[in-house]
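Asker: My questions are about this predicted structure, shown below with the sequence.
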Amino acid sequence: MNEKNASAGVLSEQPLFRLTLALLPALAVANTLLNGVAIGVVTLLTLVCAGIVMALLGRLLPERGHIAAWLIVSCAFASAAWMLLRTYFSAQHQSLGIYVPLVTLIAAVLGKADRPEGEKFLRSVGKHLLAGVLFLLAAACIGALRELLGSGALLGEPVFGSDFEPMLLLKLAPGGFLLLGMLAGISNHCMASRKGGKPKGGKA
Amino acid sequence: MSGITTLGGALLFLGASVLTGNLVFTRFFGAVPYAGGKLKASARLGLYLTCAMTLASLVAQPVYQLLVSLEADYLSPLCFLLVSLGAAGLVILAVKLFHAKEYEAMGGAWKLMLLDSALLGVVLLNAWSGYDLIKSVLSGLFGGLGFTFAVVLLAGIRDRLSTSKVPAALRGLPITLISAGLISLAFLGFMGMFH
């Protein structure tokens, strides 16, 4: 995608690259539609709340401490989400496990914690909202595909007839990597074929 | 609480952390393996992360015990984050003090290290699986070695791919992810070897 300026291993500025990188940890839990939506919603809420706080704090913080501040603020919201899940949605709390606190880092990658920006408040919040909604859609889409093809069901209800042979691979870890890689490739292709369109389009 | 008492147990745990339970290929942790760095630079970053992971595991375990005894384990994610940021900061500081050239050469890669999910992930994993102190430290160390192994594997594949004809849409991250999927599939062959 960007072989030249990635020589030092720096995070790319491309939205699709960031979205795909952020989706990686979520793959571990997004193996059904419900879990995909759950991790997506947690990420969306954490990202937007942390984005609002950081947009308000932005000018007060020194540039050097920006990443640490982002991480701590988003960790506070991820912990809050963790506690809410534990209290009201214990099934999701069990299935998402340690990946709810890890949303801290997903939100930091999506929210470009490594690059302080002096943007207008509303614009910055809107950007985070858009990134969060895209993440939610992508996680739900991956979860649905893995559940549908991996076990022939959707939301626990069988969809295909009894003749359907489920693709067990998709439920396992390798299937997650392969699916995300292919979806990222497909969105790359779609974006390249309609140049001049919005660069943020595409699902994965 | 589970622990390790014998050398054989430690070796089995090493095998389990690197091959069957690799943080990158089975738990989807990590950003360094996909960032597209050169092999040597990525491997060094992986080793620095290993040091930070071991250090963070060492400190986080007593902190978690303390939080549990105070019935305040809801604070654990925040404390783990602070511990792992501190550990990463110490490693970066040590490199800056003793190896200034190296510090300059890594440049923006340090930011990537702070944002890598393997560091916080391994600490959370230790607490979630109820490891004791020794097993936590070993889990940090071996998990980090497995992580570095995965970084080297993927960087090697990227080097090979740079001379081959990859479809335009798949260049960069997508083909790396598909390669990671195939390696992960190969690693499934080790399943059940280490118990």
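Answerer: Structure received. Numbering: from 1, shown residues only, chains lettered A, B, ... in the order given.

Asker: Look at residue 183 and report its pLDDT.
Answerer: Using chain A. What the model reports as pLDDT for A:L183 is 92.

Asker: should've been chain B
Answerer: We note a pLDDT of 92 for B:I183 in this prediction.

Asker: Would you enumerate the residues in contact with it?
Answerer: Neighbour list for B:I183: B:25, B:150, B:153-154, B:157 [criterion: C-beta atoms under 8 Å, 6 or more residues apart in numbering or on different chains]. Placement of C-beta: from N, CA and C, glycine included.

Asker: Check what pLDDT residue 47 gets.
Answerer: Picked chain A for this. A:L47 is assigned 93 on the pLDDT scale.

Asker: Actually, chain B is the one I wanted.
Answerer: 93.

Asker: how about it, phi and psi?
Answerer: As for B:L47, its main-chain torsions (degrees, to the nearest 10) stand at phi -70, psi -40.

Asker: Surely it is in contact with B:T148?
Answerer: Yes - using C-beta atoms under 8 Å, B:L47 makes contact with B:T148 at a distance of 5.7 Å.

Asker: average pLDDT for the top helix by length along chain A?
Answerer: For chain A, the helix reaching the highest residue count under DSSP state H is reported as helix A:121-151. Helix A:121-151 carries an average pLDDT of 90.

Asker: Checking residue 165 next. Helix, strand or coil?
Answerer: Using chain A here. On the three-state scheme (DSSP: H, G, I helix; E, B strand; the rest coil), A:E165 is labelled coil.

Asker: sorry, should have said chain B
Answerer: Per three-state DSSP, B:K165 ends up coil.

Asker: The least confident helix or strand in chain A by mean pLDDT pairs with which strands, and in what direction?
Answerer: Every helix and strand of chain A was ranked by mean pLDDT, DSSP states H and E. The lowest is strand A:157-158, at a mean of 80. Taking DSSP bridges as the criterion, strand A:157-158 forms sheet pairs with strand A:153-154 (antiparallel).

Asker: Contacts for the partner strand, please.
Answerer: Under C-beta under 8 Å, 6+ apart, the answer for strand A:153-154 is A:33, A:144, A:147-148, A:159.

Asker: Could you list the low-confidence segments of chain B?
Answerer: Scanning chain B for pLDDT under 70 picks out the ranges B:1, B:195.

Asker: got it, and chain A?
Answerer: Short version for chain A, where the test is pLDDT under 70: A:1-13, A:116-118, A:195-204.

Asker: Where do the helices of it begin and end?
Answerer: Along chain A, the stretches classed as helices by DSSP H are A:15-27, A:33-57, A:66-88, A:90-96, A:99-110, A:121-151, A:168-171, A:173-193.

Asker: just those: most buried one?
Answerer: helix A:99-110 (a mean of 28; mean count of other C-beta atoms under 10 Å in any protein chain shown).

Asker: how far out from the middle of the chain is that helix?
Answerer: Centre-to-centre, helix A:99-110 and its host chain are 8 Å apart (C-alpha atoms, centre = their mean, to the nearest Å).

Asker: swap in stretch B:169-188?
Answerer: The chain centroid and the centroid of stretch B:169-188 are separated by 18 Å under C-alpha atoms, centre = their mean.

Asker: same question, stretch A:170-182
Answerer: Averaged C-alpha coordinates place stretch A:170-182 at 15 Å from its chain's average position (C-alpha atoms, centre = their mean).

Asker: That stretch and chain B, any residue contact?
Answerer: Yes - contact of stretch A:170-182 with chain B (C-beta under 8 Å from any C-beta of the partner chain) involves A:172-178, A:180-182.

Asker: Which single one of those is nearest to B:G86?
Answerer: A:A173 (30.5 Å; C-beta to C-beta).

Asker: Which one of the residues of stretch A:170-182 next to chain B is nearest to B:A180?
Answerer: Each of those was scored against B:A180 by C-beta to C-beta, and A:F177 proved nearest at 4.8 Å.

Asker: Excluding chain neighbours, what is closest to the closest one?
Answerer: Of all residues not flanking A:F177 in the chain, B:G181 sits nearest, at 3.2 Å (C-beta to C-beta, 6 or more residues apart in numbering or on different chains).

Asker: List the residues that contact that neighbour.
Answerer: By C-beta under 8 Å, 6+ apart, B:G181 lies in contact with A:174-178, A:181.

Asker: run the last query once more with 10 Å
Answerer: A:169, A:172-182, B:25 (C-beta atoms under 10 Å, 6 or more residues apart in numbering or on different chains).

Asker: For stretch B:130-143, list every residue counted as buried.
Answerer: Judged by neighbour count (16 or more other C-beta atoms under 10 Å in any protein chain shown), stretch B:130-143 contains these buried residues: B:131, B:135-143.

Asker: possible to save these as CSV with distance to chain A?
Answerer: Shown next, in CSV, are the buried residues of stretch B:130-143 (distance: C-beta to the nearest C-beta, whole Å):
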residue, distance to chain A
B:Y131, 13
B:K135, 16
B:S136, 14
B:V137, 18
B:L138, 18
B:S139, 13
B:G140, 15
B:L141, 19
B:F142, 18
B:G143, 13
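
Asker: Now intersect those with the helices, please.
Answerer: Among the buried residues of stretch B:130-143, DSSP H puts B:135-143 in helices.

Asker: What is the nearest of the residues of stretch A:170-182 next to chain B to B:I175?
Answerer: Out of the residues of stretch A:170-182 next to chain B, the member with the shortest distance to B:I175 (by C-beta to C-beta) is A:G181, at 7.0 Å.

Asker: Report the separation between A:L56 and A:L45.
Answerer: Per C-beta to C-beta, to the nearest Å, A:L56 is found 17 Å from A:L45.

Asker: Am I right that A:M167 is in contact with A:L149?
Answerer: Yes - A:M167 lies in contact with A:L149 (C-beta atoms under 10 Å); the separation is 4.9 Å.

Asker: Next, show the common contact partners of the two.
Answerer: Here A:M167 and A:L149 share the contacting residues A:G175, scored by C-beta under 10 Å, 6+ apart.

Asker: What backbone torsions are found at B:G108?
Answerer: Torsion angles, degrees, to the nearest 10, at B:G108: phi -70, psi -10.
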